[in-house]
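Visitor: with the input below, show me the fold.
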Amino acid sequence: MTSQARALSNTSTFQTSCSVRPASLRKSVVDVRRLKKDAREKFLDELSTLVADIFQGYDRDYLAREFLASNLVSAKVLMIRNAQGALVGFNMFRGFEYEIDGRTVATFRAMAGLLPEYRGRNSMLAFSFVQAIAYKMRHPLRQISYLLCANHPSSYYLVARYAHEIWPRHEQDTPAAKFSFLKKLCATAGINFGDDSHPYVLQHGRKTHQNLDEARSWKASNKPQVQHFLHLNPNYQTGCGLVCLIPLTATNLLMSGLRFAADKLCC
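Guide: Residues are numbered from 1 along each chain as shown. From the prediction side, this is the model:
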């Protein structure tokens, strides 16, 4: 099983073929912070097994630490199972609250994966939209952002094709104020990224499984978002992520949601 066939890195690949009917999959949501010890251990065992099939560098200990991270205020995981009950996909959506410049700001982070034979119309991006919108409705005046660390061209492409506003982006240089906030947000969250040559790159040693043929196919892609990712993060295959900021304003949520809905209706 290959990586482009396997992985939806942080969000998913951009395949649109529909090989399995949506009705054949069962979805449930696990509120990780509410799990008792035994249930939590069983949950981590099952999730980490699937994650290891898709990514390199994300083991069970990593997942356990992520669910105990400081400033974590929400941790929900969409679990996707086939007709036999086997776990075939997930979307791990986490919310954080930080104090920056004397005010509370919220940040969301997600990590998702789906086995290839279950891809198509069964998009998991809608789960992230719902979680973000629900929080925005509860805190309409709070500054909210989605922080993406894209380890693979597919994960950046999927978000960039729908996001009305994302930084960095291929059409426009990042405004100084946006980049400054991204640096400040990451510093507060303990994420140190960027150097003079690659200002958006985080070297963390985690990557999506990928063979040489797939790397060549991504390099040859005519998608501007993919080429922009490769320009900014040319060493992604060695375990480097592209750090991106998606402001979750009402306008960005609305416009991004409309783009996503229109694309699904056309599929």
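Visitor: in the protein, which strand is the longest?
Guide: Longest strand in the chain by number of residues (criterion: DSSP state E): strand 87-100.
Visitor: mind listing the helices for this structure?
Guide: Under the criterion DSSP state H, the chain carries helices at the ranges 3-6, 37-54, 60-66, 125-138, 153-162, 176-188, 212-219, 224-232, 250-266.
Visitor: any regions of this structure where pLDDT drops low?
Guide: Per-residue confidence of the chain (counting by pLDDT under 70) places the weak regions at 1-23, 116, 119-123, 267.
Visitor: what about the longest strand of the chain, distance to the chain center?
Guide: Distance of strand 87-100 from the chain centroid (CA atoms, centre = their mean, to the nearest Å) equals 9 Å.
Visitor: so it versus helix 37-54, what angle?
Guide: Angle of strand 87-100 versus helix 37-54, following axes from the mean of the first three to the mean of the last three CA atoms, to 10 degrees, is 110 degrees.
Visitor: got the CA positions of strand 87-100 in PDB?
Guide: What follows is the C-alpha trace of strand 87-100 in PDB, where atoms were taken according to Å, rounded to 0.1, in the frame of the first residue of the first chain:
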ATOM      1  CA  LEU A  87     -11.200   1.400  11.900                       C
ATOM      2  CA  VAL A  88     -10.300   2.700   8.500                       C
ATOM      3  CA  GLY A  89     -10.100   6.500   9.000                       C
ATOM      4  CA  PHE A  90     -10.000   9.300  11.600                       C
ATOM      5  CA  ASN A  91      -9.900  13.000  12.100                       C
ATOM      6  CA  MET A  92      -8.300  14.200  15.300                       C
ATOM      7  CA  PHE A  93      -9.500  17.700  16.000                       C
ATOM      8  CA  ARG A  94      -8.100  19.700  18.900                       C
ATOM      9  CA  GLY A  95      -8.800  23.100  20.300                       C
ATOM     10  CA  PHE A  96      -6.400  25.300  22.400                       C
ATOM     11  CA  GLU A  97      -6.800  28.600  24.100                       C
ATOM     12  CA  TYR A  98      -3.800  30.900  24.700                       C
ATOM     13  CA  GLU A  99      -3.300  34.400  26.200                       C
ATOM     14  CA  ILE A 100      -1.600  36.600  23.600                       C
END
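Visitor: report the buried residues of that strand.
Guide: Judged by neighbour count using 16 or more other CB atoms under 10 Å, the buried positions of strand 87-100 are V88, G89, F90, N91, M92, F93, R94, G95, F96, E97. In this view, the C-beta of every residue, glycine as well, is placed from N, C-alpha and C.
Visitor: and D59, how far from R206?
Guide: Counting by CB to CB, to the nearest Å, the gap between D59 and R206 amounts to 10 Å.
Visitor: equivalent analysis for N192, please.
Guide: Looking at N192 against R206, where the rule is CB to CB, the gap reads 15 Å.
Visitor: returning to what we had before: who's more crowded, D59 and R206?
Guide: Remark: of D59 and R206, R206 carries more neighbours, 18 against 13, as counted by other CB atoms under 10 Å.
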